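Student: sequence-free structure coming up:
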C-alpha cells in the first residue's frame, strides 16, 4: 500500500538553528511528493513539491530532495525563524490511476521556534 | 479571488444527531476531498469526488456520507454523530488533469465536538 512516515515531534529549536524533518514513503508506483504547512488555526498550504526522482523542491528557504533510492523526502532549512513555527506534513500523490489526486499524509511534525 | 470555504467553523452537537458540514469552492475544480485531522494520525481521507454525481469512499468513511450535485459543493453528513467523530474536518479541491500533479487547496477547517 501507499504510506508516509515522518519524524515524530514535537521539534523545538532556537531561532537561526538548522532544521531537518525526516520523511520516508512506501508507494506502489511513482508518486509526487510534497510538504504542506499548517499555521495555527489555519488550513494546510503547499510548501514545496517534487514530481520525480532527484528533483529538489524549494520555497521560503525550505528544501527537500526526492530520493528514490532511499524513498525519502526530508525537509531542511538552514536558519529557522519564529514565524516558521507550525505543523509540517509530508504527503504523496499519484498523477494517474484509480488513486488520482488523492493525498496520503504523514502524521505531521509540530515545530516550535524560540527567539 | 477563487477560494474554498467551510461552514460552520465550529460546531457542538450531541451523540446521535445528524450533522452536515458544508464545503464550497469557487475554483471550478472537479476534484473535492474531505479529511479529518486527529492528533497522532495526521489527515485521513473520508470521502472524495471526481465530479458531479461521483463519490468515493476513503480510508475512514464509516458513519459519513457525501453527495455531489454540482461542481462547487461537497457537503459531508454525519448520519448519527458519535463521540469518536470529534475532530477537525478539512475540505480540499484540485484540478483534474490525468498524468500531472494538481495542487490541492484546503479550506480553513471545521472543528466539530460531539458530546
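Tutor: It's in. Since the model is a prediction, treat every value here as computed from it, not as a measurement. Residues are numbered from 1 along each chain as shown, chains lettered A, B, ... in the order given.
Student: who's in contact with the host helix or strand of residue B:49?
Tutor: Here residue B:49, judged by DSSP states H and E, is contained in strand B:42-51. Contact with strand B:42-51 is made by A:44, A:89, A:100-103, A:105-108, B:30-38, B:55-61, B:64-66, B:68, B:71, B:74, B:76, B:89-90, B:96, as judged by CB atoms under 8 Å, 6 or more residues apart in numbering or on different chains. No exception for glycine: its C-beta is placed from N, CA and C like everyone else's.
Student: just the ones of those in strands?
Tutor: Cross-referencing the contacts of strand B:42-51 against strands under DSSP state E gives A:44, A:89, A:105, B:31-38, B:55-57, B:64-66, B:76, B:89-90.
Student: buried subset of the residues you listed?
Tutor: Neighbour counting with 16 or more other CB atoms under 10 Å in any protein chain shown marks A:44, A:89, A:105, B:31-37, B:55, B:64, B:66, B:76, B:89-90 as buried within the ones in strands among the contacts of strand B:42-51.
Student: closest to residue A:62 out of the residues you listed?
Tutor: Nearest to residue A:62, judged by CB to CB, of these is residue A:89 at 12.9 Å.
Student: once you drop chain neighbours, what's closest to the closest one?
Tutor: residue A:36 (4.4 Å; CB to CB, 6 or more residues apart in numbering or on different chains).
Student: counting neighbours, what do you get for that neighbour?
Tutor: 25 (other CB atoms under 10 Å in any protein chain shown).
Student: which strand residues bridge it?
Tutor: Following DSSP bridges, residue A:36 is listed with bridge partners residue A:46, residue A:89.
Student: that one is in contact with residue A:48, isn't it?
Tutor: No: the criterion here is CB atoms under 8 Å, and residue A:36 misses it with residue A:48 at 9.2 Å.
Student: got the contact list for residue 9?
Tutor: No chain in the question, so chain A it is. Contacts of residue A:9 (CB under 8 Å, 6+ apart): A:108-111.
Student: try again with chain B
Tutor: Contacts of residue B:9 (CB under 8 Å, 6+ apart): B:108-111.
Student: give me the buried entries from these.
Tutor: The neighbour count (16+ other CB under 10 Å) marks B:109-110 as buried among the contacts of residue B:9.
Student: return only those of the contacts of residue B:9 found close to chain A.
Tutor: By CB under 8 Å from any CB of the partner chain, the members of the contacts of residue B:9 lying near chain A are B:108-109.
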